[in-house]
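Undergrad: Sequence isn't available, so here's the structure alone:
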Ligand SMILES: Nc1nc2c(ncn2[C@@H]2O[C@H](COP(=O)(O)OP(=O)(O)OP(=O)(O)O)[C@@H](O)[C@H]2O)c(=O)[nH]1
Ligand SMILES: [Mg+2]
């Protein structure tokens, strides 16, 4: 089983990404002034012939969130071959909140987890450019 752990700030689209990967609505995801996800939640589905477990987390800067997320990551890091940490960022000018959320996530994961981590950008449509045109040497297959 491959576990994908969604990490990042609040309202960047973590739960939405989880639902997209699982291809069904497992996690609550909506526009909201308050954090929507307040607990760690998990959904499992067969994706491309493989059992995949997606773990959704609250925004890492939310009060008390680290107390939930830190032990979760530590537990997954005991079996690093079966986990990928998806660090979710909204594609936008880097606000101080996004920057702080990224920094806290990287501190939490530590250098050892970097090779098990991917940055995942949401709101790609807002760029209004085709990334493969902008960076012709990068193909989606390679990514
Ligand atoms: N246009 C657009 N909307 C998105 C995208 N990703 C997420 N959203 C919307 O943004 C809102 C917040 O998304 P969530 O998935 O709830 O974000 P979250 O990071 O889980 O939020 P919290 O659980 O509150 O931390 C929802 O209305 C989503 O539909 C995207 O790539 N593009
Ligand atoms: Mg959420």
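TA: Yep, it's here. Fair warning: this is a prediction, and the values are worked out from it, not measured in the lab. Ligands and ions are numbered 1, 2, ... in the order given.
Undergrad: Which strand residues bridge residue 121?
TA: residue 89 (DSSP bridges).
Undergrad: And the nearest residue in space to residue 13 that is not next to it in sequence, how far from ligand 2?
TA: Counting by CB to CB, 6 or more residues apart in numbering, residue 13 lies nearest to residue 122, which is 3.6 Å off, once chain neighbours are set aside. (Glycine included, C-beta is placed from N, CA and C.) Residue 122 is 12 Å from ligand 2, where distance means CB to the ion, to the nearest Å.
Undergrad: Residue 122 contacts residue 15, correct?
TA: No: applying CB atoms under 8 Å as the test, residue 122 and residue 15 come out as separate, 10.7 Å apart.
Undergrad: How about residue 76: what's its closest non-neighbour residue?
TA: Of all residues not flanking residue 76 in the chain, residue 83 sits nearest, at 4.3 Å (CB to CB, 6+ apart).
Undergrad: and the one you found, what is it in contact with?
TA: Residue 83 makes contacts with 2, 3, 4, 5, 76, 77, 116, as judged by CB atoms under 8 Å, 6 or more residues apart in numbering.
Undergrad: Dihedrals phi and psi, it?
TA: Backbone torsions of residue 83, given as degrees, to the nearest 10, read phi -140, psi 150.
Undergrad: okay, it: pLDDT?
TA: Reported pLDDT at residue 83 in the predicted model: 97.
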